[in-house]
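Asker: no FASTA, just this:
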């Protein structure tokens, strides 16, 4: 079974979609897919579907949704290769004590591949191998096709997982930009960072990286303007001043002068972690 959640939900068996169109069964499949090969408790599925207002018929209705998913899986299993061990839908979407398990049988998962590639990128960063870090993290980010589970109606459980996945995306993006800055690709980053700081208006790392890229590109006054806009936003929306690390970066740009480049990366070992 192949699973994609880093964008629209797509679950395939033998290359055939088993993703339902109805919203509630899609929620069930999405939560099972995010925890593939693990038991998802019935209580978690009920909470996802109805929050704290589950009807008395919740468990029976959930069983109906599971049956609908198994019907789609059963149709896809008819395309198993000749000579393969026979399977039924309950072998793929299995009932377990207290819940259900979606078995992938070694199939592809874009989340797992993202985590593998991102982990390799982080290790390369730690080792100072910035070309490899940029490659691995770019490959990880390339697996995303929009927001996670973009076409799924999310309840409380999925909302938490979607936020977690976005944080992992932001972390990988931050480190890939850091690697590119280390490699002197500041001009190539300007367009991307312009969009990112507009989307994440209180994310200090991204603003610091944008300031550094602008300054290294000979646009010192614009780099200082980025700091002032961020400061105004932080004070107005969060009641906070920029972090000490970002203030030091601003002072470094002021002291460097218009023509003098900065050699230090925007963040170094200190993380500027406020996000919005």
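Answerer: Yes, it's here. What you are looking at is a predicted structure, and each value in this text was computed from that prediction instead of being measured.

Asker: mind checking how far residue 186 is from residue 72?
Answerer: Going from residue 186 to residue 72 by Cβ to Cβ, to the nearest Å gives 49 Å. From N, CA and C alone the C-beta is placed, and that goes for glycine too.

Asker: neighbours of residue 198, just the number please.
Answerer: For residue 198, the neighbour count with other Cβ atoms under 10 Å is 9.

Asker: pLDDT score assigned to it?
Answerer: pLDDT for residue 198: 97.

Asker: Residue 39 now?
Answerer: What the model reports for residue 39 is a pLDDT of 98.

Asker: who does it bridge with?
Answerer: With DSSP bridges as the criterion, residue 39 is bridged to residue 101.

Asker: where along this protein do the strands fall?
Answerer: For the chain, applying DSSP state E gives strands covering 2-4, 10-13, 16-17, 39-41, 93-96, 99-102.

Asker: Turn those strands into a markdown table, including distance to residue 83 and mean neighbour count.
Answerer: Below are those laid out as a markdown table (distance: least, Cβ to Cβ, whole Å; neighbours: other Cβ atoms under 10 Å):
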| stretch | distance to residue 83 | mean neighbour count |
| --- | --- | --- |
| strand 2-4 | 21 | 19 |
| strand 10-13 | 17 | 21 |
| strand 16-17 | 19 | 14 |
| strand 39-41 | 31 | 18 |
| strand 93-96 | 23 | 15 |
| strand 99-102 | 25 | 20 |
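
Asker: Quick check: which of these is nearest to residue 212?
Answerer: Nearest to residue 212, of all the strands of the chain, is strand 2-4, at 34.7 Å by Cβ to Cβ.

Asker: Thanks a lot, catch you later.
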